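Enquirer: mind folding the following:
(chains A and B)
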Amino acid sequence: KNQVEQSPQSLIILEGKNCTLQCNYTVSPFSNLRWYKQDTGRGPVSLTIMTFSENTKSNGRYTATLDADTKQSSLHITASQLSDSASYICVVGTEYGNKLVFGAGTILRVKS
Amino acid sequence: EAQVTQNPRYLITVTGKKLTVTCSQNMNHEYMSWYRQDPGLGLRQIYYSMNVEVTDKGDVPEGYKVSRKEKRNFPLILESPSPNQTSLYFCASSLRRGSLNEQFFGPGTRLTVL
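Expert: This is a model prediction of the structure:
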């Protein structure tokens, strides 16, 4: 069964600290993995996308990694800011039927 | 500004009263989709459309209808809403179908069915 599991479910960190969010998937056949940021009351916005041959991708203070062998991805946030408070969603795309499988998200709260 | 708009943003209704949630995009995208988001679950696809007059069921289509008469609009219709359709709904669009194509999401519609 195609599944995407994210951990932790929620996380609270102090402003300026780093954090890492995890995503494990069992989606097959794998095509790509995308991380979205969803602010409260808004729709998700894409942060990064990685295909099978890419193992890291950065977008400012956000760095995503992909290990296609272990079917794991992480999103590392450096020097967190209050505006990083959001839900972060991992989405895996398949080649078969162009399907997307969404994780439930990790809720991050950055406090001052 | 390139965007996906949805209306209304918030809606409270009663069981059985037909409603429509509108979705419009100004990016000339071929592919449009509706999702629902429930606590503890990932986004689940309700219906999608690959182009005008071409629609198909997603993972959770029961109780919903859609239409795609124009490229920019993709309304979601609940003919007889029930309480289990209380959820947060998102419309999304992308240039074409395909998981590599970035989907752009609307701001969401929070629906409560009493």
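Enquirer: ok, which residues in chain B are in contact with chain A?
Expert: Within chain B, the positions lying close to chain A (C-beta under 8 Å from any C-beta of the partner chain) are B:4, B:40-45, B:90, B:92, B:97-100, B:102-108. C-beta: built from backbone N, CA, C; applies to glycine.
Enquirer: so which of those residues are in strands?
Expert: Within the residues of chain B next to chain A, residues falling in strands by DSSP state E are B:4, B:44-45, B:90, B:92, B:104-105.
Enquirer: switch those over to a markdown table; also include neighbour count.
Expert: Converted to a markdown table, those look like this (neighbours: other C-beta atoms under 10 Å in any protein chain shown):
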| residue | neighbour count |
| --- | --- |
| B:4 | 23 |
| B:44 | 16 |
| B:45 | 20 |
| B:90 | 25 |
| B:92 | 25 |
| B:104 | 21 |
| B:105 | 22 |
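Enquirer: pass me the low-pLDDT residue ranges in the chain, would you?
Expert: You didn't say which chain, so I picked chain A. A:96-97 (pLDDT under 70).
Enquirer: which bits of it sit near chain B?
Expert: Residues of chain A lying close to chain B by C-beta under 8 Å from any C-beta are A:4, A:31-32, A:34, A:41-46, A:49, A:51, A:89, A:93-95, A:98-105.
Enquirer: the spatially most central residue of chain B bridge partners, please.
Expert: Closest residue to the average C-alpha location of chain B: residue B:34 at 2.8 Å, with C-alpha atoms, centre = their mean. Counting by DSSP bridges, residue B:34 forms beta bridges with residue B:47, residue B:91.
Enquirer: wait, isn't it in contact with residue B:75?
Expert: No: using C-beta atoms under 8 Å, residue B:34 makes no contact with residue B:75, being 9.3 Å away.
Enquirer: just the buried residues of the residues of chain A next to chain B.
Expert: Buried by 16 or more other C-beta atoms under 10 Å in any protein chain shown: A:4, A:31-32, A:34, A:43-44, A:46, A:49, A:89, A:93-94, A:98-105, out of the residues of chain A next to chain B.
Enquirer: among those, which ones are in strands?
Expert: A:4, A:31-32, A:34, A:46, A:49, A:89, A:93-94, A:100-102.
Enquirer: return the closest of those residues with respect to residue A:23.
Expert: residue A:4 (6.4 Å; C-beta to C-beta).
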